[in-house]
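**Q** Pasting the sequence and the predicted model now:
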Amino acid sequence: MRFGSQAWIWLNAAAVGLCLCTLTGLLLLIAVRGLGHFWPADLQLYAYLDDAGATRRVLGELIETETVSRRQHRESGTALDLVPGDGPLQRLVIKTGNRRLDPPDFAHIFEHRIESVSAPPDAVVLERVEWGNAHGEVLAVNGAAHGNGDRLWQAFKQRMEAAHRVRETIKALAGTTLEAAEEERRRRLHRQLDANSFTLRLANGRLAEVPFGDVLRAWRPNRMNLAEKLGHYVETFWLFLSQPPREANAEGGVFPAILGTVTMVLLMSVLVTPLGVAAAIYLHEYARPGVFVRLIRIAVNNLAGVPSIIYGVFGLGFFVYLMGDAVDQTLFRDSLPAPTFGAPGLLWASLTLALLTLPVVVVSTEEGLSRIPKTLREGSLALGATQAETLFRLVLPAASPSVLTGLILAVARAAGEVAPLMLVGVVKLAPNLPVDGEFPYLHLERKFMHLGFHIFDLGFQSPNVAATRPLVYATALLLVAVIVTLNLTAILLRNRLAWKFRQLS
Amino acid sequence: MRASLNIATLPRRRRWIDFLTRAVMALGAAAVAAVIVLMLAFLVQVAAPLFLPAAIAPSTELSLPAGHAKLLRVHPSGDAALRVDADGRISIFALSDGAQLQSRWLDATVVAAKPVFLANDLHAVLDSAQQLWLLQTVQRGGARRPSPELNILFGGRPIPVGAVIDYDLAQQADGTLKLALLSPTALQVRRLPAPFTTVAPSGGAQSHTLEDGAERVLFGPGGRWLFTLGGTGATVWSIAPRVGLQPFANTPLPGALPLHSATPLLGRQSLLIAGDGGVAQWSLSRAGGRPHLALVRTFPLAAAPRTMVAERQRKGFVVLDETHNLHLGHATSGRILAHRKGTVGMDAALALSPQADLLLALEPSGKLHRIPLLNAHPEVSWATLFSKVQYESYEEPAHIWQSAAAHTDFEPKFSLAPLLFGTLKAAFYAMLFAAPVAVMGAIYTACFMAPGMRRWVKPTIEMMAALPTVVLGFLAGLWLAPLIEANLAATAALFLLVPGGMLLFAGLWRRLGENFRKRCEGWQGLLAVAPMVGLAAAAIHLAPTIESAWFGGDLKAWLFAVHGIDYEQRNALVVGLAMGVAVIPLIFAIAEDAIHAVPPHLADASLALGATRWQTVTRVILLTASPGIFSALMIGLGRAVGETMIVLMATGNTPITDFSIFQGMRTLAANIAVELPESEVGGTHYRLLYLTALLLFAMTFAFNTAGDLVRERLRMRFGSL
């Protein structure tokens, strides 16, 4: 073979290789960064020289090592010291936490300025109610040192559990109607939370008195063995899935976003399936080729090609402002001018996404229908069944897996879509869940949270982007995992189906 | 397929069900078609009013007491108006029936009356006793039945001003007032306390002598500038706290002298000056370092203009000319939008309602014309959307999209050109990366890949399409963009070294044993990963050396210093790569299907005639599949044009028109996502965003339909083969 053609083939092969590498690389990147977030990393105590030449200490976990060129370093104006030469410099990014106590919460330390690194065994990580994590060492509980380290830790643990119980009680009270007595009790509990405190020694030697009420969880990563770390990892992961976000989404879990996404997607499925399946059945089983069928096909093809943001624009104008207003005028006159359905919400978001995913269901269902051998239908008709009976007893059951495939693909598409939802119902922080114990249980008019939008919000609209970064990766991982699983299921289902029908005919 | 059964013999119930099923299914199909029609119709319906021509409706008349009105002003509530007559009477009347709500007399006759700049319902009246009265209309009577009431400020006492030709008042952000007084020989600026105090007005004054015979004085933007007009031309004055009044050179006002009328436009960056030659917009310009009034545009009229009134919330205005004709114009769009012939007497006083939907004209005889104006969207014309427009305080006409600003008196700039440009730029860079990779990958997968590998490669690459764009956008914006910025040289090296290195690798490969090569046939796609990773590692390793050898150690700085290329972190390169990843699987899937669908006997014939595999691929298979590949590219392009999240997150979203790969852009889709939630329903901005949605719809519709049509023809051609 000549060189030219050989080279072309290799270039083409490289294109395939590039695609595969990109996909694997992206998935790995998200997986590693997303999963790494929950790992209880060891705390290191770094002693280093600052720009003024004084020794400083920080306690924190190593996030990454950056490479900084000398030139950049020189331009940034810090005094260049100690190491001669002109190669690039290494800089460590260390998450020191302690916002409010000892800001900033990230330290950037040049490797050559580090004097010593150690891992103090008693270093403790505190997950606080506000201001993120804190790092330090517990010196005393309620002012008492409690003898050696382990007994102190036991006392600390006991107090933590007590505080946890009080918090649970307060949470249980929050739902009930607050009468004077209840209110008094709640106030007493809050006082109880703040009454006990412990002394935390920060890396710079300062002491801070922290009330137990401010701390949600505490652990000593440097003393944990692998099994304990794994246990902690699973617990953190579970909390991430099951807890609501705190501190403007920068801490806590993503439970409302998961629930919002699932509710929206389910509602959308209920809306899109009948319409999509009916259209596909008509196109494949009833319609004879003609202008009408061509029109519908053009419509389906174009629906698939219309940018998703246009669905959002249409949904906002038509569903929210036009239909929502009409609904408010007829059913919710009392609460006007405050809109009930005349504002973005769950129902309109689901309807908008139902339109968006319509072509997916139509195409997949039609594909399934075309796989069913003609002989099957002819047999049924020959036995005297009407076309409707053939359809319901024979064709639809046989095509149901492909309807399901279509639905799964539609759900995967809807779960990842963000642009239209930004216009028709998703918010960064919803005050209420779309589904709860209050009548009518499913609240169609409420705004909701969504995993995809959560990523956008955390990554781009958060006040402290560096601190929320791991959380964005974790959320992205969750979303990608759900979508990839859904798609894999659809592919497997389709393959099974192809195999089954090959046997049938 | 139709049931070939004699339906008539069936029991009624079964027949009904059969019929009903058919009807329901047909309804479902019709609904799908209806959705897209409805979408299109709705977008058009919302956007269409933008292009409705403006009109001055026929007037309805009321009879009011006779008198020469020096000031006519509609109250902010829109249902009453203030009238100041030359004979010293000040009255408020209802607009519905002309009923007088309140009235009082000044001791002297009125020389002039003006509204105060910035304050909505504050007016300054100059009487013949050389005193200035500050009037305010306040809302009284509770929320149920509000009625405006007249209030004279500073405890009902006037301010003595001396012999003046003209004056103007401006309210500062802190509530205090500035009073400019023009006498034949001097210009004076006084500071007055905030109008709600009862202290007698006094305060420092700055003054400057005048020689050029100016007749009018007007405050400029923010009360920091003054304009004097008349005599030989216009002078711009700056009022600085320490320096005092400082004149800049006098500029002539060709066509505007002798002065008929002058009125500031919203924001006071511009003045409308009416002279014999018509109406012209003059704007404060700092071009050349010297503040002066520069002619922006003229509005030629058939007859000489007589009176003008400017809108309060937009840059529109109404002109009454000497032949009794009314003209409705808009400054930014540079048009006279509507005319109405001979309805209003030449000496009438004009007033516009706050929303500029009603024009009042009061003749000295007491005849009040109430003229509805249909003029919802004067800012929008094809010219303002697509051509360069001269905006206030810009040095030259430009394409600018700037729909909102912090202050209310800003000039909205609605040029779609930067958004269209950004959309096409993003799509171009995405396709630049995606098209070759996807098509080449499709060629390899369809023509050369071993069946065992193809079975899993195809679904894997299609799985890429399932990656949510919000995740791709987030990775592009927060991971890739900083990475590329920090390693620009390595990135450039990757783009050059990897394809080049692969060619070299192909050359080396030929030297390997025949047997080994045969065994690897069909698996090159996987094998290529190894040399690629090696080459990439080499590129990254070599980059610092190359950078310090040729580019002074920093490629980014070198680009800026030597070629003047500015680098923005979130730029077209990042968008192109991220959107490329989103578009590749789409193009790949369709193109691969098209290539794979080429009937094998064509290839077999070519091979049998002695052509090599590669010759067969390029001359037979690709040629036959080319419409399918074209269709794939079109559909990919449609997707790239409409993609929102990636562009939103991976660019700075600045609407600029710079094709540089190192600069960002703002696309139509991202613009909608950013601005639609904040735009006022039914307003010009809202409708414009719908227009951009329609534009986007049309673009993707065109690309998709082109792709579909070509694919349809391809299907027919293969059917015959």
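**A** Arrived safely.
**Q** Point out where the chain drops to low pLDDT.
**A** Picked chain A for this. Residue ranges of chain A with pLDDT under 70: A:1-4, A:71-87, A:147-148, A:174-178, A:504-505.
**Q** switch to chain B, that's the one I care about
**A** Filtered on pLDDT under 70, chain B yields the residue ranges B:1-9, B:118-119, B:141-146, B:195-204, B:257, B:406, B:718-721.
**Q** Now do the longest strand along it: which elements does it pack against?
**A** The single longest strand within chain B, with elements called by DSSP state E, is strand B:131-140. If you count contacts as 3 or more C-beta pairs under 8 Å, 6 or more residues apart in numbering or on different chains; DSSP states H and E, strand B:131-140 packs onto strand B:80-85, strand B:122-127, strand B:147-152, strand B:159-160. Just so you know, the C-beta spots here come from the backbone N, C-alpha and C atoms, and that holds for glycine as well.
**Q** Chain A: which of the ones you listed is closest?
**A** Across the helices and strands packed on strand B:131-140, chain A has its closest neighbour in strand B:147-152 (23.9 Å, C-beta to the nearest C-beta).
**Q** Which neighbouring elements make contact with that closest one?
**A** Other helices and strands packing on strand B:147-152, by 3+ C-beta pairs under 8 Å, 6+ apart, are strand B:80-85, strand B:89-94, strand B:100-105, strand B:131-140.
**Q** picking up where we left off before, can you add mean neighbour count and give the helices and strands packed on strand B:131-140 back as JSON lines?
**A** Putting the helices and strands packed on strand B:131-140 into JSON lines (neighbours: other C-beta atoms under 10 Å in any protein chain shown) gives the following:
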{"stretch": "strand B:80-85", "mean neighbour count": "25"}
{"stretch": "strand B:122-127", "mean neighbour count": "21"}
{"stretch": "strand B:147-152", "mean neighbour count": "18"}
{"stretch": "strand B:159-160", "mean neighbour count": "15"}
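**Q** how about the longest strand of chain B: buried residues?
**A** Of the residues in strand B:131-140, B:131-137 count as buried by neighbour count, 16 or more other C-beta atoms under 10 Å in any protein chain shown.
**Q** do stretch A:33-49 as well
**A** Applying a neighbour-count criterion of 16+ other C-beta under 10 Å, one finds A:33-34, A:37-38, A:40-41, A:43-49 buried in stretch A:33-49.
**Q** Mind picking the two most distant members of those?
**A** Largest separation among these by C-beta to C-beta: A:G34 and A:L49, giving 35.2 Å.
**Q** what about the longest strand in chain A?
**A** Max-length strand for chain A by DSSP E is strand A:55-68.
**Q** so how many other residues sit close to B:L472?
**A** 26 (other C-beta atoms under 10 Å in any protein chain shown).
**Q** Tell me who's in contact with whichever residue of the stretch 351-500 of chain B sits closest to chain A.
**A** Per C-beta to the nearest C-beta, B:P468 is where the stretch 351-500 of chain B lies closest to chain A, at 3.0 Å. Residues in contact with B:P468 (C-beta atoms under 8 Å, 6 or more residues apart in numbering or on different chains) are A:415-418, A:452, A:479-480, A:483.
**Q** same deal with B:R454?
**A** Applying C-beta under 8 Å, 6+ apart, the residues near B:R454 are B:T445.
**Q** And it, how close does it get to B:S128?
**A** As judged by C-beta to C-beta, to the nearest Å, B:R454 and B:S128 stand 97 Å apart.
**Q** Now find how far off-centre the helix or strand B:M463 falls within is within its chain.
**A** Under the criterion of DSSP states H and E, B:M463 resides in helix B:451-464. Computed by C-alpha atoms, centre = their mean, to the nearest Å, the chain-centroid distance of helix B:451-464 equals 44 Å.
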